[in-house]
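K.L.:
here you go, sequence then predicted model.
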Amino acid sequence: MFVIKENILETLAYFDLFDYPLSRAEIFLFLKNKYDFNVFEEALKSLLNCEIIYRFDKFYTLKNEHNLVIRRNGGNKKAAELIKTAEKVGNFLIRFPFVRGIAISGSLSKNFADDHSDIDLFIITAENKLWIARTLMHCFKKLTFLANKEHLFCMNYYIDEHNLEIAEKNIYTAIEIATLIPLQGDLIFEKFYAKNAWTRDYLPNKTMRIASAKPVKYVYLKRLLEALFNNAAGCRLDDMLMKITSGRWQKKTQQKKLNSHGIIMGMDTGKHFAKPDPENFQNKLLGRYQCRVDKVLQTYENTVAHLR
């Protein structure tokens, strides 16, 4: 019983970093081990009785703050509206050359949004054409600034078909992968999830949402542009665009420029990926998570010892 209680506290601790309380079903889905549901419910009740965790309405949290539930309910409503917009964005962006899959990521994929939320997108491209696809998409994004719509097109994570497996394997990346909402590219996301089956080591109860993705439709212009660049010259262009973009981002990092969230701008680049630098957010978050877990487990152990 002690281990499952630890798992529950670890799960709540992760989402506590984002002030996001969880329902009973959500806690169960994000546990790092498989348990009988009746055993799980008994452990959850025990933690409530000890006042290690708190329940407001149908949500559980480590903090005795009902406002967190009010915040979540409001965020869920706004997310439902923004996801509809994201679907339209996905329908448009899939028309770009060499784009094979699009999914919602970030806080929106966790069903939360506020007045300042972006639509973060995870993009899968054709093999060896990532940088052509990314450059064309980001040229379009520059136009969105004219209409103050740039927050709807945050295309910040790209991989291509050559290497669908995510290199960093930890609780953060496992949750990010498991909560993706695929919009376009049913076949490529089926392959993506197969390549990232390691996430089951962290989230054995969580199933992936492949069914939400639509099949890719090849419009005439997309086919034409892909035919134009699908050759040796296109490969050289892709390499050149990678070098140019990588160099520009290195300068931004050296100059310590901040993004809209106050984080130093940094991008980890390679032939088959373009993604936020793990050093800037991911690793710091994992450090904060471990500290939060240590503190929560220590509080639990002290409470149990006191009750004895």
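P.N.:
On my side now, so go ahead.

K.L.:
residues near L187, how many?
P.N.:
Counted with other CB atoms under 10 Å, residues neighbouring L187 total 13. All C-beta spots, glycine's among them, are computed from the backbone N, C-alpha and C.

K.L.:
what helix or strand is it located in?
P.N.:
helix 186-195 (DSSP states H and E).

K.L.:
quick one, what contacts the residue lying closest to R134 once chain neighbours are set aside?
P.N.:
With CB to CB, 6 or more residues apart in numbering as the criterion, R134 has its nearest non-adjacent residue at 5.5 Å, and that residue is Y158. Y158 is in contact with I123, I124, T125, L130, A133, R134, F273, A274, K275, counting by CB atoms under 8 Å, 6 or more residues apart in numbering.

K.L.:
surely Y158 is within a helix?
P.N.:
No. Counting by DSSP: H, G, I helix; E, B strand; the rest coil, Y158 is located in no helix; its state is strand.

K.L.:
so it bridges to which residues?
P.N.:
I123, A274 (DSSP bridges).

K.L.:
ok, it to P276 distance?
P.N.:
Computed as CB to CB, to the nearest Å, the Y158 to P276 distance reads 11 Å.

K.L.:
what about A178, distance to T207?
P.N.:
For A178 relative to T207 (CB to CB), the value is 8 Å.

K.L.:
repeat for L12
P.N.:
Distance from L12 to T207, counting by CB to CB: 21 Å.

K.L.:
what about K110, neighbour count?
P.N.:
20.

K.L.:
ok, it - contacts?
P.N.:
Applying CB under 8 Å, 6+ apart, we find K110 in contact with F18, Y20, T179.

K.L.:
also F28?
P.N.:
Y35, F37, F40, N205.

K.L.:
give me the element the residue nearest the centre of the chain is part of.
P.N.:
Centroid-nearest residue in the chain: E176, 3.4 Å away (criterion: CA atoms, centre = their mean). Here E176, judged by DSSP H and E, is contained in helix 171-178.

K.L.:
touching the following helix or strand past that helix from outside, list them.
P.N.:
Sequence-wise, the next helix or strand downstream of helix 171-178 (DSSP H and E) is strand 181-184. Residues from elsewhere that reach strand 181-184 (CB under 8 Å, 6+ apart): 83, 86-87, 90-91, 93-94, 99, 101-104, 108-109, 189, 209-210, 212-214, 216.

K.L.:
with stretch 277-296 instead?
P.N.:
With CB under 8 Å, 6+ apart as the contact definition, stretch 277-296 has outside contacts at 9-10, 12-14, 16-17, 52, 62, 168, 170-173, 253, 263-268, 276.

K.L.:
from those, which ones fall inside helices?
P.N.:
Cross-referencing the contacts of stretch 277-296 against helices under DSSP state H gives L9, E10, L12, A13, Y14, D16, I171, Y172, T173, T253.

K.L.:
so how far is the lowest-mean-pLDDT helix or strand in the chain off the chain centroid?
P.N.:
When each helix and strand of the chain is scored by mean pLDDT, DSSP states H and E, helix 282-307 comes last, with a mean of 89. When C-alpha coordinates are averaged (CA atoms, centre = their mean, to the nearest Å), helix 282-307 and its chain have centres 24 Å apart.

K.L.:
with stretch 248-257 instead?
P.N.:
Distance, centroid of stretch 248-257 to centroid of chain: 24 Å (CA atoms, centre = their mean).

K.L.:
report the buried residues of it.
P.N.:
W249 (16 or more other CB atoms under 10 Å).

K.L.:
so where is the stretch 151-300 of the chain shaky, pLDDT-wise?
P.N.:
Applying pLDDT under 70 to the stretch 151-300 of the chain flags residues 209-211, 258-264.

K.L.:
coming back round to it: for the helix holding L187, give me every contacting residue.
P.N.:
100-101, 103, 124, 161, 164-165, 177, 180, 182, 208, 210-211, 213-216.

K.L.:
domain-wise, how is this protein divided?
P.N.:
2-65+285-307, 74-237 (automatic domain parsing).

K.L.:
ok, which of those comes nearest T245?
P.N.:
Ranking the domains of the chain by their distance to T245 (criterion: CB to CB) puts domain 74-237 first, at 6.7 Å.

K.L.:
a strand runs through E165, doesn't it?
P.N.:
No. Counting by three-state DSSP, E165 is not found in a strand; it is coil.
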